[in-house]
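Undergrad: Fold the following for me, if possible:
(one chain, ligands or ions: 1)
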Amino acid sequence: MIRIDFSNLMQGAIGKNGLTDDDFKSIDTKKITEIIKTRKYPELEFLDLHNADTSKIKELGKYAGRFENFLLLGIGGSALGPRSILEALSPFHNFKNKPRVFIYDNVDPLTLKNMLEVIDLKKTVVNVITKSGSTAETIASFMIIWKKLQEQSLKIQEHIIVTTDPEKGNLRKIVKDYSLMSLPIPQGVGGRYSVLSAVGLLLAEAIGISSDTLLNGAKDIHDKCMNTDLWQNPAYLFSSGLYLMQKIKSKNITVMIPYADRLKPFSEWFCQLWAESLGKDGKGLTPYPSVGTTDQHSQLQLWMQGPEDKVVVFLSIEDYGVDVNIPEIFLDMEGLSYLSGHSLGELIRIEQEASEIALAKNGRPCITIKIPKIDAYYLGQLFHFFEIATAVAGFLYDINPFNQPGVEEGKNLTYAMMGKKGYEAKREEFIEYRQRKRFEA
Ligand SMILES: O=P(O)(O)OC[C@H]1O[C@H](O)[C@H](O)[C@@H](O)[C@@H]1O
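TA: Numbering: from 1, shown residues only. Take a look at the predicted model:
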């Protein structure tokens, strides 16, 4: 089981900057438990994903796995989760395995051009993922790929798998009109809480990663995160620790630093979850993606001696599965020889702990999540743990952690300029802003 060590949030470890047991008394666990138990928000459906039937995902995963290329079109919650699974569980995938995976999660025309130069659509299955069925970026790339398939006289029904809402939206309509292969994202499950649905699991199955194992991880940590005793519940502790750190000690920033290259996309997945779920009504915590040891050599200085506004969350890997010894050479050079006889695994683990101790010694709070190893089972635990912790943090802030009203205005202004019906007034607003006096150098 993954474990959370929050000692370095407490006064015993970091002195006056830390929290006390008493501070945690203000956390109303009864209220949180009630919200979860009564499923006050329909979006809490993500809690049940590990019990869902995955037979269709497996069937389509097998089908997709026969292609040379798997092209995923999606953005935000429809791309960050699948990318985390790919990188964590099949690193350097495209150098070693089929199908090669391409995740196009932007509308950068250069990326699309370069990608289409290296993939042959005849040998490609395209998985379009969009919960709403209306995200401009995803729809635009979907339309481009659709046309290209047609131009090559390829059968759309054999090349496209749509992952979207079970009933609503443009993509569901297209699925029906053209009899396309499709998978549902359960109605109540929002994009950033959807990685353990078909959103992440189809790609997992297509590249030979067991969706059952991912879901078993989630299942096994579930009960622990439902414990009503704050001190026994890692999700409650994580969210209330960070919530109190902001409320009492003004720590507004959450740094996420996994000590593994393979978890770099995971820290980006976490950042969307934390940012979009909590950042509203003037509240929230700013997430900051990072990776160790790399960022010790670019960011740690700021965390140690910069503004006292951060809590650093270490993801510490207990067993990397492999190790590489550092050879016993240059023994007569003191500057190098101390490394001889040690290993990279030892070095990365020691560096993680050293950073943690250095921060704590300096009165800078941190949390360490200990992960036995990086595999599908523990990744499933991590996804589920952070999703629950994020929802709980939202309840502590008394906000709805499942919506994102703040992104609508930008979308509406874009619709207006792209000529979508009903947005004409916004177009004028856009142009007026564009023409305002600018301060440019
Ligand atoms: O899956 P989709 O409906 O296409 O949404 C993709 C993403 O776009 C939106 O703008 C939201 O802010 C994100 O929460 C969401 O994950």
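
Undergrad: Which strand or helix spans the closest residue to the ligand within the stretch 201-350 of the chain?
TA: With distances taken as CB to the nearest ligand atom, the stretch 201-350 of the chain approaches the ligand most closely at residue 276, which sits 5.3 Å away. No exception for glycine: its C-beta is placed from N, CA and C like everyone else's. Assigned by DSSP states H and E, residue 276 falls within helix 264-278.

Undergrad: after that helix comes which helix or strand?
TA: Per DSSP H and E, the first helix or strand lying C-terminal to helix 264-278 is strand 286-289.

Undergrad: neighbouring strands for that next one, and are they parallel or not?
TA: For strand 286-289, the paired strands and their directions (DSSP bridges) read strand 253-258 (parallel).

Undergrad: and the angle from the partner strand to helix 264-278?
TA: On the basis of axes from the mean of the first three to the mean of the last three CA atoms, to 10 degrees, strand 253-258 is oriented at 150 degrees to helix 264-278.

Undergrad: what's the distance between residue 25 and the ligand?
TA: When CB to the nearest ligand atom, to the nearest Å is applied, the distance between residue 25 and the ligand equals 34 Å.

Undergrad: I misspoke; the intended subject was residue 423.
TA: When distance is defined by CB to the nearest ligand atom, residue 423 is 16 Å away from the ligand.

Undergrad: ok, the residue minimising distance to the centre of the chain - contacts?
TA: The residue lying closest to the centre of the chain (CA atoms, centre = their mean) is residue 269, at 1.6 Å. For residue 269, the contacting residues are 80, 81, 83, 84, 195, by CB atoms under 8 Å, 6 or more residues apart in numbering.

Undergrad: hey, which strand is longest across the chain?
TA: With DSSP state E applied, the strand covering the greatest number of residues in the chain is identified as strand 310-319.

Undergrad: Quick one: name the residues of the stretch 151-300 of the chain near the ligand.
TA: By CB under 6 Å from any ligand atom, the residues of the stretch 151-300 of the chain that approach the ligand are 191, 192, 276.

Undergrad: Quick check: nearest residue in space to the first one, chain neighbours excluded?
TA: So that's residue 191. In space, residue 191 comes closest to residue 77 once its chain neighbours are excluded; the distance is 2.8 Å by CB to CB, 6 or more residues apart in numbering.

Undergrad: for that neighbour, helix, strand, or coil?
TA: Three-state secondary structure (criterion: DSSP: H, G, I helix; E, B strand; the rest coil) places residue 77 in helix.

Undergrad: Let me know the distance separating it from residue 43.
TA: 12 Å (CB to CB, to the nearest Å).

Undergrad: and the two? which has more neighbours close in?
TA: residue 77 (26 against 18; other CB atoms under 10 Å).

Undergrad: That one contacts residue 196, doesn't it?
TA: No. With contacts counted by CB atoms under 8 Å, residue 77 stays clear of residue 196, the gap being 11.7 Å.

Undergrad: and the helix or strand residue 140 falls within, what's its mean pLDDT?
TA: If you go by DSSP H and E, residue 140 is part of helix 136-151. Average pLDDT, helix 136-151: 97.

Undergrad: Can you show me the CA trace of it as PDB?
TA: Extracted C-alpha coordinates of helix 136-151, given in PDB (Å, rounded to 0.1, in the frame of the first residue of the first chain):
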ATOM      1  CA  ALA A 136     -12.700  22.900 -29.800                       C
ATOM      2  CA  GLU A 137      -9.200  21.500 -29.900                       C
ATOM      3  CA  THR A 138     -10.200  17.900 -29.900                       C
ATOM      4  CA  ILE A 139     -13.100  18.400 -32.300                       C
ATOM      5  CA  ALA A 140     -10.700  20.300 -34.700                       C
ATOM      6  CA  SER A 141      -8.100  17.500 -34.800                       C
ATOM      7  CA  PHE A 142     -10.900  14.900 -35.100                       C
ATOM      8  CA  MET A 143     -12.300  16.700 -38.200                       C
ATOM      9  CA  ILE A 144      -8.900  16.800 -39.700                       C
ATOM     10  CA  ILE A 145      -8.100  13.200 -39.100                       C
ATOM     11  CA  TRP A 146     -11.600  12.100 -40.300                       C
ATOM     12  CA  LYS A 147     -11.100  13.900 -43.600                       C
ATOM     13  CA  LYS A 148      -7.600  12.400 -44.100                       C
ATOM     14  CA  LEU A 149      -9.000   8.900 -43.500                       C
ATOM     15  CA  GLN A 150     -11.700   9.600 -46.100                       C
ATOM     16  CA  GLU A 151      -9.100  11.000 -48.600                       C
END
